[in-house]
Every structure is written in C-alpha cells, then in structure tokens.
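**Student:** need a 3D model of the following:
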Amino acid sequence: MNSEMILAPMGALAGLTFFVLLFVPARRMTRRPSPQDSATGDIPGGLSNPNYADLLEMPVLFYVICLILLVTNRVDDTFLYLAWIYVALRAVHSAVHLTYDKLSHRMTLFALSNLTVFAMWLFFFLPPVG
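**Tutor:** Take a look at the predicted model:
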C-alpha cells in the first residue's frame with residue numbers, strides 16, 4: 001500500500017478545521033446572537049468557538065500517529081479505514097455542534113472519535129494478531 005494515502009484523511013480533517021474557522025465568524029456576522037448563545041459561547045453567539053477548539057485539541061494525536069505511520073511506512077488498510085472513520089466522526093460531530101447541538105449526540109460522536117484515534121495508537125504499538 002502507498003503510505004502517502006494517509007495524507008488524504010489528514011488533509012480532510014485540516015480542511016474541516018479551516019471550514020469551521022471561517023464558518024463560525026461568517027455565521028455570526030449574518031445572524032444576531034441570542035442572549036443564551038452569547039452566555040454559553042456556543043454557535044452562533046459568544047466570543048469563543050468551542051467547535052474550533054475541539055478540532056485543535058484531540059486531533060493533534062491523530063496527526064501525530066498518521067505522521068508516525070507515514071515515516072515508518074506502516075500504513076495499511078486498517079489504519080487507513082480508522083483514519084477515515086475518525087475524520088467522518090469529527091465531521092459529523094462538527095455538523096451536530098454547528099446546527100442543532102444536542103449534547104448527547106455530540107458527546108457520543110466525540111467519544112467514538114477519541115476511541116478511534118486511541119485504537120490507531122494501540123494498533124501501532126500492539127498490532128492485532130493475524
């Protein structure tokens with residue numbers, strides 16, 4: 001397998017991060033925030049951007065494991081699938097956070113994405129038998 005294929009999910013996650021970076025201020029400029037939005041800091045009001053912060057925290061471990069896989073030439077189908085699953089979960093997490101923002105849905109997606117990146121690290125150091 002071409003190890004450079006791991007760069008595609010990394011690029012997709014970076015693209016999602018840049019999208020959120022631009023989407024939130026654009027949405028705030030076009031919609032008047034409610035007092036509740038401003039108090040919580042969530043979309044579309046407030047001064048903070050918690051979804052953007054989420055895309056800068058845990059994904060660091062995703063980027064690092066992907067780079068380790070690339071450098072060690074250990075990219076395989078399992079890692080590539082896990083990488084795309086991670087990106088998909090983060091994209092759906094962002095979609096939930098930026099739209100209807102139901103906490104239970106958001107937290108489930110966040111937890112699943114964290115388990116996915118944890119599995120990538122685990123499989124790197126303790127490869128599955130077989």
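
**Student:** if I look at His93, how far off is Tyr86?
**Tutor:** Using Cβ to Cβ, to the nearest Å, His93 is found at 10 Å from Tyr86. (C-beta placed from N, C-alpha, C; glycine too.)

**Student:** more crowded one of the two?
**Tutor:** Neighbours per residue (other Cβ atoms under 10 Å) separate His93 from Tyr86, with Tyr86 holding more: 27 against 23.

**Student:** pull the residues that contact the strand or helix carrying the more buried one.
**Tutor:** Assessed by DSSP states H and E, Tyr86 sits inside helix 77-98. Defining contact as Cβ atoms under 8 Å, 6 or more residues apart in numbering, one finds that helix 77-98 is touched by 1, 5-6, 9-10, 12-13, 16, 20, 23-24, 27, 42-43, 50-51, 54-55, 59, 62, 66, 69, 102, 105-106, 109-110, 112-113, 116-117, 119-120, 123-124, 128.
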